[in-house]
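>>> my questions are about this predicted structure, shown below with the sequence.
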Amino acid sequence: MAYITQGDNVIVIDAIITKKGRENMATGKGLNIVKFALSDDEIDYGQWNPNNSQGSEYYGVKIENMPLTEANPDETRNMRYKLVSQEKDNVVVSVIVDTPDQLDFKSNGEQILEPNVSSGNTSFGYTLQIPNGSSLFNVVEIGSINSRTAKTISITGKSTTITAVGEKFKLIAKPQTVDKNILASIIDNASGATKDIRLTITKLEVGPKGNLF
């Protein structure tokens, strides 16, 4: 969904309904929206200019006049920088910490990803998104938000985006015939803090007797 203003007192909401939303509307269930989030993905705060010769009212004029992006149906590249409510005197922005920039897998190998956030409420857990990850990973095992009991998601399809929510994640790679790498994202569900992680899978090697290892 994109919020767009057009002239005085004119507000336009550009929204793309998901496949599930279209199914609900087609069957008469309606959308029944109960939660929403706001983001400022398209805003470049580096354009704030306290040296503008026209005065303080114009420090942010470039930001205010930046074009707004249209609604984007790609959940892996949309709403990456969410707006959050914080205490009035809090001057620290939450970031993902103690999390590697890259995880390396051998085919059929596994890695555990246990993110951490620098500050804020952690009870909402994290969202892991891997675009087209179903061609690279067999299983994602998730540490539950409310308990330490893990649950397992079996991955099917050739180009499905993996989306998993939990406290920690164990990824199990599929065998690959060529080296693969993909950029995944880990998102703190409370603050919206996001970190990109490069996932690399080394191809299977063929031994002298034709054995794969």
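Arrived safely. Note that the structure is predicted; figures quoted are calculated from it, not measured. Residues are numbered from 1 along each chain as shown.
>>> how's this protein carved up into domains?
The chain resolves into domains spanning 2-64, 96-202 when parsed by automatic domain parsing.
>>> so can I have JSON lines of those domains showing mean neighbour count and distance to residue 84?
C-beta: built from backbone N, CA, C; applies to glycine. Formatted as JSON lines, the domains of the chain follow (neighbours: other C-beta atoms under 10 Å; distance: least, C-beta to C-beta, whole Å):
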{"stretch": "domain 2-64", "mean neighbour count": "10", "distance to residue 84": "9"}
{"stretch": "domain 96-202", "mean neighbour count": "16", "distance to residue 84": "5"}
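>>> can you list those domains in TSV and add mean pLDDT?
What follows is these, written out as TSV (pLDDT from 0 to 100):
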stretch	mean pLDDT
domain 2-64	80
domain 96-202	81
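>>> distance to residue 89 added to these, as CSV?
Shown next, in CSV, are these (distance: least, C-beta to C-beta, whole Å):
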stretch, distance to residue 89
domain 2-64, 21
domain 96-202, 13
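>>> got a list of contacts for stretch 57-67?
With contact meaning C-beta atoms under 8 Å, 6 or more residues apart in numbering, stretch 57-67 is reached by 42, 43, 44, 45, 47, 48, 49, 50, 52, 54.
>>> surely residue 63 forms part of a strand?
No - the assignment for residue 63 (DSSP: H, G, I helix; E, B strand; the rest coil) gives helix, which keeps it out of a strand.
>>> now the strands for the protein?
Using DSSP state E, the strands assigned to the chain run over residues 2-5, 11-14, 96-97, 102-106, 110-113, 116-117, 126-130, 137-143, 150-154, 162-166, 168-173, 180-188, 194-202.
>>> mind giving me CSV with these and columns for distance to residue 21?
Listed next are the strands of the chain as CSV, based on distance: least, C-beta to C-beta, whole Å:
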stretch, distance to residue 21
strand 2-5, 16
strand 11-14, 14
strand 96-97, 29
strand 102-106, 33
strand 110-113, 30
strand 116-117, 30
strand 126-130, 19
strand 137-143, 25
strand 150-154, 22
strand 162-166, 16
strand 168-173, 27
strand 180-188, 21
strand 194-202, 24
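>>> hmm, who's touching the biggest helix by length in the chain?
If you go by DSSP state H, the chain has its longest helix at helix 19-26. Residues from elsewhere that reach helix 19-26, judged by C-beta under 8 Å, 6+ apart: 17, 30, 31, 32.
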